[in-house]
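> Sequence first, then the predicted structure:
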Amino acid sequence: TIVKDAQGTPLEKEPATFLVDPEEAVAMVSAMRAAGWEVEGSQSADGLLQYAVQRLQQEAKEYADRERAAARFIDERVRALQARRGIDVAAYQREGALWLASHHGAVLADQMGLGKTLQVLLSAPPGRGIVVLGPVAAKRAFREDVPKFRRGLGLPGDPDLTLTFLDGMNSFRWAAPGEIVVGSWATMPAAGTAPSPPPGTILVADEAHLLKNPKATRTIQFRALAAAVLRDPAGHVYELTGSPFKNPREGAKFVAKDLWEVLQNAQLGSNIFGTQKRFEALRGSDKGNKLLAKGMLRRTRETVGLDKVGLTHQVVKIDVTAEQKREFDKFNEFLDDFLAAFIEKSKELAAERRNIVFAEISKARKMLASAKIPEMLAQVEEFEEQQEPLLVFSMHTGPIDVLAKREGWAVITGETSQKKRDQSVTAV
């Protein structure tokens, strides 16, 4: 501790007297300051601990108040979804939504398929503005889920969410009250250039494991936005990821460096652990996992009782380039001419054009397959990151050729020998 006079001038340095381990005390002070507590370097250990108890009691009351308020609007939405849509929200999804609503910063790391998007939409208090940032593929989930889960519920004081998609660089803006704005990483502004967010803004990072490099531009940009949101006591920053960071409640080890950076995106690492050194020292221990559970929640299909997942069918619409659209239009014109020749003229004339038709159809199939590759890779990368097994089927070899170049993929096409087929099937 440093003793200062009334003007703040250091008088002398004294050996610090702590009621806890000195390194633990330093981490505790760092965590207090990171959380916005007014901690002076001249406070005694007794005074510091007394202050900590008072603040923790205050924050516990605030947490309980937030949880009670959140439970009311979340339960109303759950009941309305069942009554109006026949959608049964699982108990773990309600729990996850309530947990999010009670935290200013949080990492929801549920396994794929457990409904992280639904939990976020349920957790947002009525009238709040929500900004979702992530890879381009993230738009798909919110395009489908917002109308399903947050519109037409007919709840007084809980209006429908309006949905807006950001398009292109420099298009970032904060959401208005009652609006959800969804954009890709590329839409984020340079760090420090965004205006202050409206009060109570909720900022969401989808596929947050992609923000694990602290030197990457998108990580720096996101952290600047998150810091602006968290300066407001009513602001929230949520990170969604299905990456297999081990569940802190199961006493398992977690991936130290990557997880620390993900936590820091929402200022959770320093708030919970104080320093990265302490975080790494506690890695995998019961104490470390209990601390981690303060800011991160992960459930797997097994832990929520969903060992078997039912099949779902989803059609994903993709955008094509202007050049691809022109080529498709030309093909359609050609096909129209061919059908006219077959119907109006003669089968003989159509037969003469048969080879040309097959060539054009093959060309069109190749273009269609190529147009789907970016969306395919976006989904493949998500499954790879989360270590989920995946089978990909294609009517054209183009996408398969792309997958064949990726590490860990077994590929079977019409040209694959029986021996290699057997080897691939056995490996899988």
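All right, it came through fine.
> Count residues in the vicinity of the residue nearest to Val320 when sequence neighbours are not counted, would you?
Nearest residue to Val320, sequence neighbours excluded (Cβ to Cβ, 6 or more residues apart in numbering): Ala371, at 5.0 Å. Yep, even glycine has a C-beta here, placed from its N, CA and C like the rest. Other residues within reach of Ala371, judged by other Cβ atoms under 10 Å, total 18.
> Heading C-terminal from the helix or strand hosting Ala371, find the next helix or strand.
Assessed by DSSP states H and E, Ala371 sits inside helix 354-385. Beyond helix 354-385 on the C-terminal side, the first helix or strand identified by DSSP H and E is helix 397-404.
> Now tell me what touches the next helix or strand after that next one from outside.
Per DSSP H and E, the first helix or strand lying C-terminal to helix 397-404 is helix 418-427. Helix 418-427 has contacts (Cβ atoms under 8 Å, 6 or more residues apart in numbering) with Ala410, Val411, Ile412, Thr416.
> Kindly reformat the residues you listed as TSV containing distance to Thr300 and pLDDT.
As requested, the contacts of helix 418-427 are exported to TSV (distance: Cβ to Cβ, whole Å; pLDDT from 0 to 100):
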residue	distance to Thr300	pLDDT
Ala410	25	87
Val411	29	88
Ile412	30	89
Thr416	34	85
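> Unless I misread the structure, Lys139 falls within a helix.
Yes. Counting by DSSP: H, G, I helix; E, B strand; the rest coil, Lys139 falls inside a helix.
> Could you find the closest non-adjacent residue to it?
Val182 (5.4 Å).
> hey, what's that neighbour bridged with?
With DSSP bridges applied, Val182 shows beta-bridge pairing to Val132, Phe165.
> Am I right that it is in contact with Arg140?
No. Judged on Cβ atoms under 8 Å, Val182 makes no contact with Arg140 at a distance of 9.8 Å.
> So for those two, which sits in the more crowded spot?
Neighbour totals were compared for Val182 and Arg140, and Val182 leads with 24 against 18 (other Cβ under 10 Å).
> residue contacts, the more buried one?
Neighbouring residues of Val182 by Cβ under 8 Å, 6+ apart: Val132, Leu133, Ala138, Lys139, Phe142, Arg143, Leu163, Thr164, Phe165, Leu166.
> Try it again at 10 Å.
130-134, 138-143, 146, 163-166, 175, 204, 206 (Cβ atoms under 10 Å, 6 or more residues apart in numbering).
> One more: His103?
63, 66-67, 123, 236-238, 266, 268, 294-297.
> for Ala227, same thing?
By Cβ under 10 Å, 6+ apart, Ala227 lies in contact with Ala191, Gly192, Gly235, Val237, Asn265, Ala266, Gln267.
> now those: which count as buried?
Buried by 16 or more other Cβ atoms under 10 Å: Gly235, Val237, Asn265, Ala266, Gln267, out of the contacts of Ala227.
> Filter those residues down to the ones in helices?
Among these, the ones falling in helices (DSSP state H) are Asn265.
> report the longest helix in this protein, please.
The chain, longest helix under DSSP H: helix 45-80.
> which strands and helices sit next to that helix?
Under the contact definition 3 or more Cβ pairs under 10 Å, 6 or more residues apart in numbering; DSSP states H and E, helix 45-80 sits against helix 22-34, helix 91-101, helix 116-123.
> Show me what the helix or strand following the second one is packed up against.
Past helix 91-101, further along toward the C-terminus, the next helix or strand under DSSP H and E is strand 105-108. Contact here means 3+ Cβ pairs under 10 Å, 6+ apart; on that basis strand 105-108 packs against helix 91-101, helix 116-123, strand 202-206, helix 217-230, strand 236-240, helix 256-265, helix 268-273, strand 296-297.
> quick one on the thing from earlier: is it possible to get a markdown table of the contacts of helix 418-427 that adds neighbour count and distance to Glu375?
Converted to a markdown table, these look like this (neighbours: other Cβ atoms under 10 Å; distance: Cβ to Cβ, whole Å):
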| residue | neighbour count | distance to Glu375 |
| --- | --- | --- |
| Ala410 | 15 | 22 |
| Val411 | 15 | 19 |
| Ile412 | 13 | 22 |
| Thr416 | 14 | 25 |
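> Closest one to Ala322 out of the residues you listed, please.
Nearest to Ala322 among the contacts of helix 418-427: Val411, at 31.8 Å, using Cβ to Cβ.
> give the contact list for the closest one.
The contact partners of Val411, by Cβ under 10 Å, 6+ apart, come to Val392, Thr397, Ile400, Asp401, Leu403, Ala404, Lys405, Lys420, Ser424.
> Which PyMOL command selects the buried ones in the residues you listed?
PyMOL command restricting the contacts of Val411 to the buried ones, with burial defined by 16+ other Cβ under 10 Å:
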select buried, resi 400+403
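> Next, give me the two most distant ones among the contacts of Val411.
Largest separation among those by Cβ to Cβ: Val392 and Lys420, giving 17.5 Å.
> Isn't Phe279 up against Val262?
No. Using Cβ atoms under 10 Å, Phe279 is not in contact with Val262, being 11.8 Å away.
> Leaving out the residues flanking it, which one is nearest to Arg365?
His396 (5.4 Å).
> was I right about the one you found contacting Val402?
No. Contact criterion Cβ under 10 Å: His396 and Val402 do not qualify, at 11.0 Å.
> Common neighbours of the two, please.
Ala369, Ser370.
> Where does pLDDT dip in this protein?
1-27, 34-46, 244-256, 307-311, 341-355 (pLDDT under 70).
> list the buried ones in stretch 127-135?
For stretch 127-135, a neighbour-count test (16+ other Cβ under 10 Å) marks Arg128, Gly129, Ile130, Val131, Val132, Leu133, Gly134 as buried.
> tell me which of these is nearest to Gly200?
Arg128 (5.1 Å).
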